[in-house]
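J.: Fold the following.
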Amino acid sequence: MKRLLTALVLVPIALWAVFRLPGWAFFLLCAVLMTGSAWEFAKLARRAAPGAPWLALPLLVPIAGGALARALTPGIAVDGFWPLAFATALVVGLGTVVLLARTPVAEGFQALGGLAFALPYFAVPIAALYRLQLHDPWMLFLLLAIVWLGDTAAFYLGTKLGRHRLAPVVSPKKSWEGAIAGLAVSMGSVVVWSCWRLHELDFRLLWVGGLTALASQVGDLVESLVKRGAGVKDSGDLLPGHGGLWDRMDAMLFAAPVLLVLLRVSGWELGR
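T.: Residues are numbered from 1 along each chain as shown. You can find the predicted model right below:
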């Protein structure tokens, strides 16, 4: 019941933000959500490597997200040099931070690997969500439908009908039945959106939406993998029935960048 009540409060707020906030304000909102999620990640990661500079992660996430969002803004010319520059800053910068923080030698591997994964993990979705909203709020609405409706179907139908465990070591409660139900509902939302907004079924959206739905489920499992390793059920307790910010954003962290990339690959015009 707490999960449902929280959703009833958050969904209207999220939709208002998608359709009513100007681009700069929506970017700031995404940056706050991802920075909060990164903070929760850092708290869990500290259990594995308490001497590592995990505080650097929530500080760097909005900076990296802003740089990527700037690069994705229409009208900004970005050549192949800038991805190289970003990768260089990621490797050299994080390596230097870990070294200067005097991270214990025994924790160096965990610190370098964790930070190198977590920084783009939280920063890239900021830019992806910002770019989707800038292109067309209705496309971001489709993303929310794919992720939220699929997750809801997987949770409730999986709880009632689930018999075969999907990933028993990582997330014992998730089932194949729930995953299939979630995928089916996500695909249904794509069909409805296409017929409603485009007045036809665009078959490009079927495979784009299907892979986005799969990425959403994988993103959920990846977060469960980290939490299982840290020995916790939720990343926080901010949202009743949902856990922390990261618990609510986990699927979106994979789904948003995947949708943006696949739209471009499929030939979808990402103007504006």
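
J.: any idea which helix or strand comes after the top strand by length along the chain?
T.: If you go by DSSP state E, the chain has its longest strand at strand 171-175. Remark: after strand 171-175, the chain's next helix or strand is helix 176-193, criterion DSSP states H and E.

J.: which other residues reach that following helix?
T.: 138, 141-142, 145-147, 149-155, 157-159, 161-166, 201, 205-206, 209-210, 212-214, 216-217 (Cβ atoms under 8 Å, 6 or more residues apart in numbering). C-beta: built from backbone N, CA, C; applies to glycine.

J.: just the helices in the stretch 51-200 of the chain please.
T.: 56-72, 81-88, 94-100, 108-135, 137-144, 150-161, 176-193 (DSSP state H, counting those that start in this stretch).

J.: Of the ones you listed, flag the one that's most buried.
T.: Counting by mean count of other Cβ atoms under 10 Å, helix 108-135 has the highest mean neighbour count of these, with a mean of 22.

J.: who's in contact with Ala64?
T.: Contacts of Ala64 (Cβ under 8 Å, 6+ apart): 86, 90, 119-120, 123.

J.: Now with 7 Å, please.
T.: Listed by Cβ atoms under 7 Å, 6 or more residues apart in numbering, the contact partners of Ala64 are 119, 123.

J.: For it, report the pLDDT, please.
T.: pLDDT for Ala64: 94.

J.: gap between it and Val91?
T.: 13 Å (Cβ to Cβ, to the nearest Å).

J.: swap in Gln133?
T.: In terms of Cβ to Cβ, Gln133 sits 30 Å off from Val91.

J.: The helix or strand bottoming out on mean pLDDT in the chain vs helix 108-135, what angle?
T.: The helix or strand of the chain with the poorest confidence is helix 81-88; it has a mean of 80 (mean pLDDT, DSSP states H and E). In terms of direction (axes from the mean of the first three to the mean of the last three Cα atoms, to 10 degrees), helix 81-88 departs from helix 108-135 by 150 degrees.

J.: What is helix 81-88 packed up against?
T.: If you count contacts as 3 or more Cβ pairs under 7 Å, 6 or more residues apart in numbering; DSSP states H and E, helix 81-88 packs onto no helix or strand.

J.: Taking helix 56-72 as reference, get the angle to it.
T.: 170 degrees.

J.: give me the low-pLDDT residue ranges for the chain?
T.: 1-3, 74-80, 241-242, 271-272 (pLDDT under 70).

J.: helix, strand or coil for Pro50?
T.: Following DSSP: H, G, I helix; E, B strand; the rest coil, Pro50 is assigned to coil.

J.: now Asp237
T.: Classified using three-state DSSP, Asp237 is coil.

J.: how close does it sit to Thr6?
T.: 12 Å.

J.: can you tell me which residues contact Pro257?
T.: Contacts of Pro257 (Cβ under 7 Å, 6+ apart): 124-125, 128.

J.: before we move on, the earlier item: wait, which of the helices of the stretch 51-200 of the chain is closest to Ala17?
T.: helix 108-135 (8.7 Å; Cβ to Cβ).

J.: Tell me how far that closest one lies from the chain's centre.
T.: 9 Å (Cα atoms, centre = their mean, to the nearest Å).
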